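Colleague: Here is the input, now give the coordinates:
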Amino acid sequence: MSTEPIGFRFERDAAVTTVVLDHGRVNIVDPELIESLIEHLPTVLDDPSVRCIVIRGKDRIFVGGANLKVMRNLDPDTYRAMRRWVVVQRLLELAPKPVIAALNGHALGGGAELALACDLRILHAEATFGFPETGLGIFPGAGGSQRLPRLIGPHRAKRLIVDATRFTADEALREGLVDVVAGDDFDEVVTREARRLADGPTATIGLVKSAIDRGWGLPIDDAMAVEEVHVLANIGLRDASEGIQAFLDKRAPRFEGR
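Modeller: Alright, predicted model coming up:
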């Protein structure tokens with residue numbers, strides 16, 4: 001493993017770790033950034049003391065998308081290298097803890113695809129969200145054509161992608177693409193939500209995420225069997241006992257994340 005991440009840094013605040021993308025002027029996605037994220041993200045994903053992860057960009061830039069000069073001369077090998085952006089997304093999506101996309105700037109193309117892999121999307125009021133690729137004759141090929149229909153349905157997803165729609169923050173909220181819109185208090189909102197989730201029953205949250213992901217699309221009987229496995233895994237958790245005891249004691253639970 002290399003000694004330092006390339007194109008991003010980790011910032012720690014108690015049980016919350018923020019992944020701050022800082023790659024060039026506009027956080028362009030390229031193989032160097034992708035491979036560094038794949039190499040280093042597991043250190044926080046697997047750390048039980050990290051109970052919530054936030055991913056954001058430096059300043060007021062989230063992700064600038066792919067380098068169009070590279071895309072202009074795209075060949076199969078370059079595409080495969082860029083395609084590993086989906087590996088980054090899956091690492092976040094499968095994390096056994098909540099992941100927040102703090103969209104402090106425009107989330108377009110690859111940035112929107114990354115955001116869709118997160119559990120909570122908070123968009124700055126002055127930012128936009130969308131999939132403009134088809135307007136340039138580019139296929140949204142890093143998860144956009146697959147995650148968006150799972151979020152809003154195939155018919156609406158086709159319309160948004162085919163029309164290369166770019167939404168304002170309020171429009172993105174109405175369309176169900178993001179969960180929260182925040183203005184001048186953006187950083188405070190992100191911090192509050194991250195701390196709230198970090199104080200929760202982290203292991204239970206991870207099991208719920210896993211059950212939904214594994215059961216989605218299965219026949220209902222198979223999906224219920226998936227649910228049962230996860231319920232049984234949750235029964236032995238300390239936080240399950242603590243939550244029930246706190247309710248009986250009429251006090252706030254003190255979850256440990258296990």
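Colleague: is it true that F129 lies in a strand?
Modeller: Yes. Using DSSP: H, G, I helix; E, B strand; the rest coil, the assignment for F129 is a strand.
Colleague: wait, isn't it in contact with R174?
Modeller: No. Using Cβ atoms under 8 Å, F129 is not in contact with R174, being 11.4 Å away. To be clear about C-beta, it is placed using only N, CA and C from the backbone, and glycine gets the same treatment.
Colleague: what about stretch 240-258, start to end distance?
Modeller: Stretch 240-258 has an end-to-end distance of 9 Å (Cα to Cα, to the nearest Å).
Colleague: What residues of it count as buried?
Modeller: When burial is assessed from 16 or more other Cβ atoms under 10 Å, stretch 240-258 yields the following buried residues: E242, G243, P253, F255, G257.
Colleague: What is whatever helix or strand the second one lives in packed up against?
Modeller: When you say that, I think you mean G243. Using DSSP states H and E, G243 falls within helix 238-249. Counting contacts by 3 or more Cβ pairs under 8 Å, 6 or more residues apart in numbering; DSSP states H and E, helix 238-249 packs against helix 202-215.
Colleague: buried sites along the helix it packs on?
Modeller: Across helix 202-215, burial judged by 16+ other Cβ under 10 Å covers T202, A203, T204, I205, G206, L207, K209, S210, A211, G215.
Colleague: Can you tell me which of the residues you listed is nearest L33?
Modeller: K209 (25.1 Å; Cβ to Cβ).
Colleague: ok, that closest one to T134 distance?
Modeller: Between K209 and T134 the computed distance is 30 Å (Cβ to Cβ, to the nearest Å).
Colleague: same deal with R156?
Modeller: As judged by Cβ to Cβ, R156 and T134 stand 15 Å apart.
Colleague: before we move on, back to that, so for F129 and R174, which sits in the more crowded spot?
Modeller: F129 (27 against 12; other Cβ atoms under 10 Å).
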